[in-house]
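Engineer: heads up, no residue letters with this:
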C-alpha cells in the first residue's frame, strides 16, 4: 500500500505468492511486507519509479538503515527481502531488465539496473533464484547466530522492565520475560497463552513436591502445529499469582468502568485497555526493555537464551550418562541432541539448531546422580535468575532507604 493508501498490485501478488505457493509462515511474510513498505516509502520520498530502481537507490536506502542504528544483519535481511521481490517481479513480467537471473534472462543482452552475484552456499541465505544483490552488505554476522542474551543481560532486562509507578506492570513484565526465557515460547505463543491453561494450586504443589515439570500443550504456534513446552512449577506458581492478583484487579477495574467489558481469556493483558496484549504491543515492550537496558537484540533473542540453556542441559545429561557407562564426551550423539532440542523448541528445520551446537561444542562439567538432569539444570538456572532479581530489589530498596534516611536527617536539622 502506498502513501495514498492504494494497493500496489505487483507487490500484493508477490506477497500472496509467498503465502500460497512458497508456503512461508504468515509472520515471516508480514516482516517482508514491513521491509518493502519502508523501501516503498523511501522511493516515494525520492520521487522514484519502482520499475526503474537502481543499485544507487538501494544502497542509499540501506545506508539510511545503518544510520538509524540498525545492525548489519538487519540491513542485510532487508536487502535480501527487497532483492528477492525484484527477482520475482522480473521473472513474472512485472518489471523488465531490472535483474539478471540465471535460467531466465541471463542469455539476453542488457545492462541490469540492479546488479547481482551468485549466492554461495554457507555464505548467503538460501536464494530461490540463485543470486543475491550485488550491493548486499558484506556482513560477517549476517548469517551467524545473533547475540544471545547472557544471565547478566537478563538481569538488566528485568531492571529495565521495572515500573516503579505500577508494581502490577512490573510483575507482568517480569513474568513475560520468564515465559520467553524459561520455556522458549515465541511471541505469538506467549500472546495466546490462556488462563485456563495454567494448573490449579494443588497440581502446581504436586509438581513442585515431585520435582517434575508441566508439559503444557500450546495450539497457537508459528507453524500452526500444536506442540508441548516444559514449564517449571515456580513459573506456574508466579503465573497463578499474577492471574489471581494484579490481573484480577485490572479485570475488576474495567468491569466497574465499562458495563460491556468482557474478560480476555489470555494471560497477558494491558493495564490501560484491559484487553489482551497485541503482538505489536509485545514487540514494543521488549524493544523498550532492550533499549533501556542497553542490551543488543530483541525479544525473540530471549528464546535463544532458552535454547542455549536447553542445549547445555541436554549435553550435560548425555555426558553424565556416557561417563556412567564407560563412555567419554567424544561419544556424544550430537544429531540426537539436535533433534531433541529442535522438537522441544518447535523447530521444523533442525539446521537452525546446528549454529548453537557449533558454539557449544566444548568440554562440559560432569553431572550425575539424577534421573532427569535436564529438569534439575533448568530449575537451577531459573533459581539463579530469581536470586539475581531478588538481589536487585534488595539493592534498590537499600538505596531508597538511604535516601529517605538522609532526607529525614535534613528535615530534623532544619527544624531544630
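Structural biologist: Here it is on my side, so go on. Treat the numbers as computed from the prediction; the structure is a model and nothing was measured.
Engineer: nearest the geometric middle of this structure, what residue?
Structural biologist: Taking Cα atoms, centre = their mean, the centroid of the chain lies closest to residue 300, which sits 1.0 Å from it.
Engineer: tell me who's in contact with that one.
Structural biologist: 186, 187 (Cβ atoms under 8 Å, 6 or more residues apart in numbering). Every C-beta, even on glycine, is put in place using the N, C-alpha and C of the backbone.
Engineer: roughly how far apart are it and residue 137?
Structural biologist: Using Cβ to Cβ, to the nearest Å, residue 300 is found at 21 Å from residue 137.
Engineer: per-residue confidence at the residue nearest to the centre of the chain?
Structural biologist: pLDDT for residue 300: 77.
Engineer: could you do residue 80 as well?
Structural biologist: For residue 80, the predicted pLDDT is 89.
Engineer: go on, residue 34?
Structural biologist: 89.
Engineer: pretty sure it is in a helix, no?
Structural biologist: Yes: assessed with DSSP: H, G, I helix; E, B strand; the rest coil, residue 34 lies in a helix.
Engineer: neighbours around it, how many?
Structural biologist: Using other Cβ atoms under 10 Å, residue 34 has 12 neighbouring residues.
Engineer: any idea how far residue 23 is from it?
Structural biologist: 20 Å.
Engineer: what do you get for residue 155?
Structural biologist: 40 Å.
Engineer: which residues touch the residue nearest to residue 180 when sequence neighbours are not counted?
Structural biologist: Nearest residue to residue 180, sequence neighbours excluded (Cβ to Cβ, 6 or more residues apart in numbering): residue 302, at 4.0 Å. Residues near residue 302 by Cβ under 8 Å, 6+ apart: 149, 154, 157, 177, 180, 181, 286.
Engineer: so which helix or strand takes in residue 302?
Structural biologist: Under the criterion of DSSP states H and E, residue 302 resides in helix 300-324.
Engineer: and stretch 259-272, how far out from the chain's middle?
Structural biologist: 24 Å (Cα atoms, centre = their mean, to the nearest Å).
Engineer: then stretch 295-312?
Structural biologist: The answer for stretch 295-312 is 8 Å, by Cα atoms, centre = their mean.
Engineer: show me what the host helix or strand of residue 250 packs onto, helices and strands only.
Structural biologist: Assigned by DSSP H and E, residue 250 belongs to helix 246-257. Here helix 246-257 touches helix 167-183, going by 3 or more Cβ pairs under 8 Å, 6 or more residues apart in numbering; DSSP states H and E.
Engineer: out of the contacts of residue 302, who has the most neighbours?
Structural biologist: residue 180 (27 neighbours).
Engineer: so who does it touch?
Structural biologist: Shown in contact with residue 180 (Cβ under 8 Å, 6+ apart): 190, 299, 302, 303, 306.
Engineer: who wins on neighbours among those residues?
Structural biologist: residue 302 leads the contacts of residue 180 on contacts (other Cβ under 10 Å) with 28 neighbours.
Engineer: can you give me the domain assignment for this protein?
Structural biologist: 9-133, 155-300 (automatic domain parsing).
Engineer: so which of those comes closest to residue 324?
Structural biologist: domain 155-300 (19.9 Å; Cβ to Cβ).
Engineer: quick one: distance of that closest one to the chain centre.
Structural biologist: The answer for domain 155-300 is 15 Å, by Cα atoms, centre = their mean.
Engineer: so what would you say the end-to-end distance of it is?
Structural biologist: End-to-end distance of domain 155-300 (Cα to Cα, to the nearest Å): 16 Å.
Engineer: switch to numbering from 887
Structural biologist: Taking 887 as the first residue, the last one we looked at is domain 1041-1186.
Engineer: quick check: the residue nearest to residue 1066 vs residue 1062, distance?
Structural biologist: 10 Å.
Engineer: ok, now residue 997?
Structural biologist: Taking Cβ to Cβ, one finds residue 997 at 52 Å from residue 1062.
Engineer: go on, residue 1167?
Structural biologist: Distance from residue 1167 to residue 1062, by Cβ to Cβ: 11 Å.
Engineer: helices of the stretch 1037-1186 of the chain, start to end?
Structural biologist: 1037-1046, 1053-1069, 1073-1077, 1087-1096, 1119-1130, 1132-1143, 1165-1179, 1186-1210 (DSSP state H, counting those that start in this stretch).
Engineer: comparing those, which yields the minimum mean pLDDT?
Structural biologist: Here the lowest mean pLDDT among the helices of the stretch 1037-1186 of the chain goes to helix 1186-1210, at a mean of 76.
Engineer: angle of that one against helix 1165-1179?
Structural biologist: Calculated by axes from the mean of the first three to the mean of the last three Cα atoms, to 10 degrees, helix 1186-1210 forms an angle of 80 degrees with helix 1165-1179.
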